[in-house]
Each structure stands twice: as structure tokens, then as C-alpha cells.
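J.: sequence plus the predicted model coming up.
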Amino acid sequence: MPVTESQPQTLGFQTEVKQLLQLMIHSLYSNKEIFLRELVSNAADAADKLRFESLVRPELLEGAGELRIRVDYDAAARTVSIEDNGIGMSREEAVAHLGTIAKSGTADFLAHLSGDQKKDAHLIGQFGVGFYSAFIVADQVDVYSRRAGLPASEGVHWSSRGEGEFNVATIERAERGTRIVLHLKDGEEGYADAWRLRGIIKKYSDHIALPVELRKEAEGEDAGAEAQWEAVNRASALWTRPRGEVKDAEYQEFYKHLAHDHADPLAWSHNKVEGKLEYTSLLYVPGRAPYDLYHRDAAKGLKLYVQRVFIMDQAEQFLPLYLRFIKGVVDSGDLSLNVSREILQAGPVIDSMKAALTRRSLDMLEKLAKDKPQDYAAFWKQFGQVLKEGPAEDYGNREKIAGLLRFASTHGTDGAQDVALADYIARLREGQDKLYYLTGESHAQIKDSPHLEVFRKKGIEVLLMTDRIDEWLMGYLTEFDGKSFVDIARGDLDLGALDSAEEKQAQEQAAQEKQALVERIKQALGEEVAEVRVSQRLTDSPAILAIGRDDLGLQMRQILEVSGQKLPEAKPVFEFNPAHPLIGRLDAEADAGRFGELARVLFDQAALAAGDTLKDPAGYVRRLNKLLLELAGG
């Protein structure tokens, strides 16, 4: 305990911390014992950071290099304490780290809170609550700390009851590191028990790579002797143990420690590489996406160790950005202990490790898709759009990534992204050498698109792509398994061998017979269209708008508009169905003005069917009302 203490200073918590504390204090969270997992995990991180800093400044070890974590309890005082001799905190760091949350995505997390304790309680584990989990079981928390390298007179005592403010004072503290004392709430006294604490440590922290010690209960004449401690966990890094010796439950608990996630991972891959390069990797596929998955400053990357010495938490250089959801550890024997972020930027060792870890991650996803399709479906729902960034970023693995993608289709479950490209290819029609797809704003908007009419008639499957990223993706994913992709709304449709000789002859004849109508429509629509032609796509609808072969589609135009970029000029192609009664009525119209009105109505209807917005909606309504009045005899 401190010898002397300055006058405490009272400070207020950051608003986000206040909200989190209220959730903790009033929580109905069923798995309350995770508070010990979180605090032991933080203590282990503090030891890792001391190891790393002491590589350059060995004096920080202060002559005591044996790092450990100690868990103590006092049933009479109703307290549990967790103490480490790691890096510790200065007064400024205690105020910054314990009074604010700098975590990206905090606002998103808090936005999900409903105010209903039962509904909100399950969110606790999802966020990675760390230190604040102490308030799940404690009504007061005291923290005593001193940063390694500072004099004993610059220790700090931080204290709070979680009621919107905390006290901080300067104290005398001989030992470096941090001691956290939890004053247990009424009803939580059971945690101040050796047997219970031992069980929790074994359950959640057996993988921690340094000793987690619990005080032995003194007996008989030794009652007044110095406290004795015994290690409760294995105290060996889990990833360094042979795979055959590690149980599934241990892998799962290590993931929860690593990712600060309360849910089990969907899959993991543990691998030791020996030979030209030597390193060990343990990679995980999470079961749910973090709130900050799409934040630029979100934490990503693997936890890097060199020769079992912790180097950094988020080493981004070992996996490409589209695999940023992968969690894990890489422990290298081929990097120097003074490795820096600059050294990690490039080099043959880093490049080779990145390529291998990327392949292993993709292999892990392939295995998950093959062996546990339901789990893969859950993965796809959480991370599918991120994986779609892959073909653009990683050309070398483009085919492998494409095999992992899932899409909705005209032959799949309504709206569900559950069709793999391999499944699509297995269902190709005889003579089909192209992979057909259609992009749009929503499944509801494109599932009945006129562009699909000829494909439905012939029983040809079409992939339906409605994610905002899809059109951009297909700009990089041009083929799969040797077969080219074709956007059915783009250019002049040619079904090749899927059209019979008779059908092709009929199409050519219709185009010749309607050439005069083509010219009349083109004159009526003027600068609105790039071209007018007889459609090969339509069987039921009178007209559609096709995209020019090199023009941007609706999705890409919307992305550019949102980002404030200038849109390149592009005009659609107007296609009409020569067999439709409305086209027959249009062809028979002799009055030029009325012909123009009818042509404009068909053009606007085709734009709406394509999901586009009308340039002149009032004009469309006026023309449509005029036609309705004429039909009604008005």
C-alpha cells in the first residue's frame, strides 16, 4: 500500500465511458466471470510491452526481469486484486487510459444500445470491455501503478465508484507495474475464494505466456509467514505448443483473449513453418464483424512476436487489407528483435511471410466452406463485402478468392447470397461458355428486371448482384475457371450457341423490318440516347435501357456521386421488343407529336425499371396522365 499520497484530484469520465460504466454497473450479463479474463489479459499485455521497451532500455526491468501476474483475495474485506510487474502507468497515462476510450467504433457500439438491460447485456462481450469489466462485479475499483523507469515517488492511485467521476493522486510506490483492487458488490462475495478464482484462471487464462499466480492459503504455524504463491496456468505460449497437445477449448479461449471477443471463432489454423523461413502462425476467423470493420483507423493486423518476444499488437504488413478481419499471432525466428514498423514495410522475408499467411487464410476459409457450409454462410453475412475487395487487391489469388465469393441468383434461394461460382458452373446449359450476371440497387429491384426475360425463357441462370461494391468488383473479376463474365445489361447481348440458327435468323429479320421504326424513335428521343435498336433480351416488356459497353453502371455512378466526383457523360441504349403490342401501336402512330410523347413514356418506364431516377418526373407524369385521359375518353 502507498506510504504517502497527495491530495486527490477529482476528474470526470468521458461521456462514452459514462455510458459504458452504466451498462456494466447495471448489467444483467450472465457471464460475469469474464472480468477476471479481461484484467489478466490486460496484465499480460503490460508485461509484453515492458519486454518490448526493455530491448532498447534494459534499465526499465529495474533488476527484476521475472515477469508474472498475481491474483489475490480477501474474503473478510470482500476484495479481489490483480497485480502485474509489467510496464505500469504514469499519472497522465492513468487519466488518459482509464478515463477515456480512444477505440475506433465506440460511437457505433453505443448507438446499438437500446436502454433495455436484457437486450444490451449481450453487447458487453462484443465490444471488448477490458478494464471496465471490473464494474460488473465491483462497486469500487482502486488502481495503484507506477510506470517502469519513473522514480518511486511518481506512483499513481486511481479510484472510482463508476458514478461519472474518478479520483487520481500521486503516491509513493516502490514496485513498478499495476495493482487493481476490486471491492465486490453485495452478492458477488463468492469471487473472493481461492477455489473459484483458480477455476476461472484455468478456464480463461491457461494460455497466458507468463505465470498467473494465486496466493496459497496459509495453514497452522505458517499463518503469519510471508505469502506463498503458486502458478495456476501453464505459463507457456499456446502457439508454441504442438497442435496435437492443444484442445479445441484452449484454442477458443485463446481467441477470446486475443480478440477480446466473447463468442467462439468459426475456424482457426495453427501452423509451424521450418526451412528457409521459420515462423509459427495461429490464425482465426471471427464469428462476428467488429463495429469498426470499415473505419480507416480501426485496429487490424496480427499480433507479432519475434523469438517469443512481443513486438506489436497490430502488424498490418502480414495480411492484405481484404483479410483485415483475420485475427491471430505470428511468431518469427527470422526477424531481428529490434524490428520496427519501418523495417516491416518491405523486404523478401516480409513478402514471403505475407504471401504464405494469405494463402493459409484463404485455405482456412475454403475448408470452412467445404466442411461447415452453415458456418461459412454466417461468415459470409458478416465479412462477404470485405472479401469482395480481394480480386482488385490481390491479383495473384484472384481465382482462389473468386471461389470463396457467394452471390444470389435466379436459381438460388430468393435474395440469399448462397451460390458459389463452382455451383453456378456446374449448372451451365449445354453450349454456354459465359457466366451471366446483373447488378442493381436491391434484390427486389432486379429480380424481375426485363433484362432477365430471355434468360428465364431459356432457363439460363443469372447471378444477381446487389452489394454496392459489386459493379466495382466485376471490373477486376473478368473470368473464372476459364469462362468470361458478361453483364447482361451492358452492350449488345449475344447468347452465342444458346440461340438456335432459326432464332438468330428471326432476330436479324426483325432488325431489318423495324429499321424505319428505329430511326423514328432515335429522332424522337434525340440526345437522350446513344443508340436505338431491336432487343434480343425482351420477351414480355416493351422496352429497356442497356448500358454502353464501356460506360459506368448505376452502382458506380452512385458511388462517384456520393464521393463528390464528376460523372463522365454517358447515354443509354434504348432497346425495344418488336413483338410487343405497345411497340406495334407506336409503329402505327402517324402523328409525329403523339409518336414522340409515346416514345418518351416508354423511355421513362425503361429508366424506372432499370432503377434509375427520371430527369423530368413531372413531364413523365404529365404525359402518362394525358394518355390515361385519352384512354378514358376524356
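T.: Everything's here; your move.

J.: what kind of secondary structure is Ala579 in?
T.: coil (DSSP: H, G, I helix; E, B strand; the rest coil).

J.: give me the number of neighbouring residues for it.
T.: Ala579 has 15 neighbouring residues, counting by other CB atoms under 10 Å. Where you see a C-beta, it was placed from the backbone N, CA and C, and this is true even at glycine.

J.: quick one: contacts of stretch 393-403?
T.: 320-322, 355, 358-359, 362, 366, 387, 390-391, 420-422, 476-477, 480-481 (CB atoms under 8 Å, 6 or more residues apart in numbering).

J.: now, of those, which are buried?
T.: Burial by neighbour count, 16 or more other CB atoms under 10 Å: within the contacts of stretch 393-403 this picks out Pro320, Tyr322, Thr358, Leu362, Leu387, Gly390, Pro391, Ala420, Leu421, Tyr476, Leu477, Phe480.

J.: among the contacts of stretch 393-403, which are in helices?
T.: Counting by DSSP state H, the contacts of stretch 393-403 place Ala355, Thr358, Arg359, Leu362, Glu366, Leu387, Gly390, Pro391, Leu421, Ala422 in helices.

J.: ok, now how distant is the third one from Met353?
T.: Read it as Arg359. From Arg359 over to Met353 the distance is 11 Å, taken as CB to CB, to the nearest Å.

J.: residues in contact with the one helix or strand Val330 maps to: which ones?
T.: According to DSSP states H and E, Val330 maps onto strand 327-332. The contact list for strand 327-332, computed with CB under 8 Å, 6+ apart, reads 237, 239-240, 255, 258-259, 265, 268, 278-284, 286, 302-308, 315, 318, 349, 353, 357.

J.: can you pull the alpha-carbon coordinates of that strand into CSV?
T.: Extracted in CSV, the C-alpha atoms of strand 327-332 (Å, rounded to 0.1, in the frame of the first residue of the first chain):
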residue,chain,number,x,y,z
LYS,A,327,-7.2,-12.3,-36.0
GLY,A,328,-4.1,-14.2,-34.8
VAL,A,329,-0.5,-14.4,-33.8
VAL,A,330,2.7,-14.7,-35.9
ASP,A,331,6.0,-15.6,-34.1
SER,A,332,9.0,-15.3,-36.3
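
J.: low-confidence ranges in the stretch 151-300 of the chain?
T.: Scanning the stretch 151-300 of the chain for pLDDT under 70 picks out 218-225, 296-297.

J.: what are the boundaries of the helices in it?
T.: 194-205, 248-259 (DSSP state H, counting those that start in this stretch).

J.: the last one: which residues count as buried?
T.: When burial is assessed from 16+ other CB under 10 Å, helix 248-259 yields the following buried residues: Tyr251, Glu253, Phe254, Tyr255, Lys256, His257, Leu258, Ala259.

J.: now swap in stretch 441-461 and tell me
T.: So, applying 16+ other CB under 10 Å, buried residues of stretch 441-461: Gln445, Ile446, Lys447, Ser449, Pro450, His451, Leu452, Glu453, Val454, Phe455, Ile460, Glu461.

J.: equivalent analysis for stretch 347-355, please.
T.: Result for stretch 347-355 [16+ other CB under 10 Å]: buried residues Val349, Ile350, Met353, Lys354.
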